[in-house]
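A.B. asks: Pasting a predicted model and its sequence here:
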Amino acid sequence: MSEPDVALTDFALALECAAFVVLLLWRPPAADAGARARDLRRHWALAFAAIGTGALLGGLVHGLCDPGSTTRMILWRATLASLGVSALACWWIAADLSESAGISRALRAAGLAHLGLYLAVLWLSHRFMVAVVSYLAAVIVLIVAMAGAVRRGVPGSRLALASLAAAPVAGVLQQLKIGLHPVYMSHNALYHVIQMALVAMLYAAARRMR
């Protein structure tokens with residue numbers, strides 16, 4: 001295993017996300033919760049599934065693939081593609097939180113357009129920074145929508161907003177290559193640990209939203 005700390009923290013994040021997807025879909029919202037609550041539950045599950053898939057693939061890339069191999073290249077691009085799906089989920093959750101049907105439709109369409117553009121760019125460049133910029137744009141949209149949900153008193157929105165606001169900070173720490181140990185907790189491994197905490201906060205928020 002070439003980067004054990006990165007691979008193992010990736011696998012841990014994947015397991016966490018898988019558990020959250022199962023819990024969200026296994027226990028649907030109450031029958032009287034309304035269509036928005038059901039849509040939110042499904043789209044949060046989509047977000048966790050995409051994050052978990054990206055983490056699983058990333059763990060395989062960092063832990064089991066030889067540098068420069070074709071397998072590594074394919075898995076890395078699949079990892080970046082999964083981040084595009086998680087960005088789509090952000091757009092759709094923002095749409096679910098909108099009180100305007102027109103804005104909700106526009107956000108859903110914009111999310112699909114964003115994903116299409118991202119995949120087109122990804123075909124030309126497989127740099128991680130492309131994924132970071134794309135994902136950050138979707139997170140900003142969701143932060144704005146979540147801030148509106150906080151003002152309306154939507155359950156769980158404050159916790160979700162706190163997690164989303166911290167996510168770019170974690171990304172900056174990763175890009176600055178700030179870690180705790182060069183072997184046992186590199187900057188990528190630390191980023192995954194922070195992600196696990198933020199994802200747990202999002203799950204707790206998602207369970208309360210309606």
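C.D. replies: Ah, there it is.

A.B. asks: what mean pLDDT would you report for the top helix by length along the chain?
C.D. replies: What stands out as the longest helix in the chain, according to DSSP state H, is helix 35-64. Throughout helix 35-64, pLDDT has a mean value of 90.

A.B. asks: Could you do stretch 130-148 as well?
C.D. replies: Mean predicted lDDT for stretch 130-148 stands at 91.

A.B. asks: distance between it and the chain's centre?
C.D. replies: On the basis of CA atoms, centre = their mean, to the nearest Å, stretch 130-148 sits 10 Å off its chain's mean C-alpha point.

A.B. asks: outside of it, which residues touch it?
C.D. replies: Contact with stretch 130-148 is made by 80, 83-84, 86-88, 90-91, 93-95, 97-99, 107, 111, 114, 118, 121-122, 157, 160-161, 164-165, 167-168, 171, 175, as judged by CB atoms under 8 Å, 6 or more residues apart in numbering. For the C-beta atoms, the positions are set from N, CA and C on the backbone; glycine is no exception.

A.B. asks: Quick check: end-to-end length of stretch 64-77?
C.D. replies: Chord length of stretch 64-77, first to last residue, is 16 Å (CA to CA, to the nearest Å).

A.B. asks: That one: which residues count as buried?
C.D. replies: 65, 72, 75-77 (16 or more other CB atoms under 10 Å).

A.B. asks: quick one: that stretch to chain centroid distance?
C.D. replies: 22 Å.

A.B. asks: before we move on, what about stretch 80-94?
C.D. replies: The answer for stretch 80-94 is 7 Å, by CA atoms, centre = their mean.

A.B. asks: quick one: low-confidence parts of this protein?
C.D. replies: Along the chain, segments meeting pLDDT under 70 span 1-2, 28-33.

A.B. asks: would you list every one of the strands in it?
C.D. replies: Under the criterion DSSP state E, the chain carries no strands.

A.B. asks: need the buried residues of stretch 64-77 in JSON lines with distance to A147, can you?
C.D. replies: Converted to JSON lines, the buried residues of stretch 64-77 look like this (distance: CB to CB, whole Å):
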{"residue": "C65", "distance to A147": "40"}
{"residue": "R72", "distance to A147": "40"}
{"residue": "L75", "distance to A147": "36"}
{"residue": "W76", "distance to A147": "34"}
{"residue": "R77", "distance to A147": "34"}
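
A.B. asks: Let me know the closest of those residues to L23.
C.D. replies: Checking those against L23 with CB to CB, the nearest one is L75 at 27.2 Å.

A.B. asks: I'd assumed L57 was in contact with that closest one.
C.D. replies: Yes - using CB atoms under 8 Å, L75 is in contact with L57, at 5.2 Å.

A.B. asks: sorry, back to before: make a PyMOL selection of the buried ones in the contacts of stretch 130-148.
C.D. replies: Filtering the contacts of stretch 130-148 down to the buried ones (16+ other CB under 10 Å) takes a single PyMOL command:
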select buried, resi 80+83+84+86+87+88+90+91+93+94+95+97+98+107+111+114+118+121+122+157+160+161+164+167+171
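
A.B. asks: Fine by me, thanks again.
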